[in-house]
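In: what follows is a predicted structure for the sequence shown.
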Amino acid sequence: MLERFFQNVLVALPKGLYTTLKHSWRKPVTVQYPEEKLTLPARARWRHYLRRWDNGLERCIGCALCAAACPADAIYVEAGENTEGARFSPGERYGKVYEINMIRCIFCGFCQEACPTEAIVLGKVYEFVSYGRDGFIYTKDMLLEPPPDDSRRGQG
Ligand code: SF4
Ligand code: SF4
């Protein structure tokens, strides 16, 4: 009993204090998020966006190959027909409804790889915030890149 007491006081206690002091002088490995943010690796893949061609037309042709490739079943696509009066993409069809469920998404990038027109791409924005589940269903309006003459283009 007495031997254990001395072992704790004379060995374990100084050892613990030494460990604490040793680490208290080291530079922290954590950052003060959200004020301070880490630089992401070059190949980091986060929030998606739908791209346009340089003339402003949408790249998405509503083929749903991205949805077929998605292992998490996170993408929902409905195609619509382009007409001369209402043209959204260069081909016959466009992505009329396009949704990604960010709660299901595992950010694997398979959708980006599967897309024949390089319409869907994953960017570097990783902050997903919402008070409800519905806020994590990203609709086409949220995903579609602004037109070329829009000052918001290229952000995110
Ligand atoms: S990144 Fe992966 S999981 Fe997320 S929507 Fe694309 S294919 Fe699905
Ligand atoms: S994002 Fe690409 S793969 Fe998905 S529906 Fe549009 S064109 Fe097809």
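Out: Alright, I've got the coordinates. Ligands and ions are numbered 1, 2, ... in the order given.
In: could you count how many residues lie near residue 126?
Out: 12 (other Cβ atoms under 10 Å). Quick note: C-beta positions are derived from backbone N, CA and C, even for glycine.
In: and for residue 53?
Out: Neighbours of residue 53 (other Cβ under 10 Å): 13.
In: and it, what does it touch?
Out: Counting by Cβ atoms under 8 Å, 6 or more residues apart in numbering, residue 53 makes contact with 59, 90.
In: what confidence value was assigned to it?
Out: The score at residue 53 is 96. That number is its pLDDT.
In: residue ranges in this protein under the pLDDT threshold?
Out: Confidence mapping of the chain against pLDDT under 70 gives the ranges 151-156.
In: does the residue nearest to residue 54 when sequence neighbours are not counted sit in a helix or strand, and which one?
Out: Using Cβ to Cβ, 6 or more residues apart in numbering and skipping residues adjacent in sequence, the residue nearest residue 54 is residue 148, 6.3 Å away. Under the criterion DSSP states H and E, no helix or strand holds residue 148.
In: again, but for residue 130
Out: Following DSSP H and E, there is no helix or strand that holds residue 130.
In: that one: neighbouring residues, count only.
Out: When neighbours are counted by other Cβ under 10 Å, residue 130 registers 11.
In: next one: residue 32
Out: Number of residues near residue 32 (other Cβ under 10 Å) recorded here: 8.
In: sorry, back to before: residues touching the residue nearest to residue 54, list them.
Out: 52, 54-56.
In: roughly how far does it sit from residue 51?
Out: Residue 148 is 11 Å from residue 51, where distance means Cβ to Cβ, to the nearest Å.
In: rebuild the contacts of residue 148 as JSON lines, extending it with neighbour count and secondary structure.
Out: Listed next are these as JSON lines, based on neighbours: other Cβ atoms under 10 Å; DSSP: H, G, I helix; E, B strand; the rest coil:
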{"residue": "52", "neighbour count": "21", "secondary structure": "strand"}
{"residue": "54", "neighbour count": "6", "secondary structure": "coil"}
{"residue": "55", "neighbour count": "8", "secondary structure": "coil"}
{"residue": "56", "neighbour count": "13", "secondary structure": "coil"}
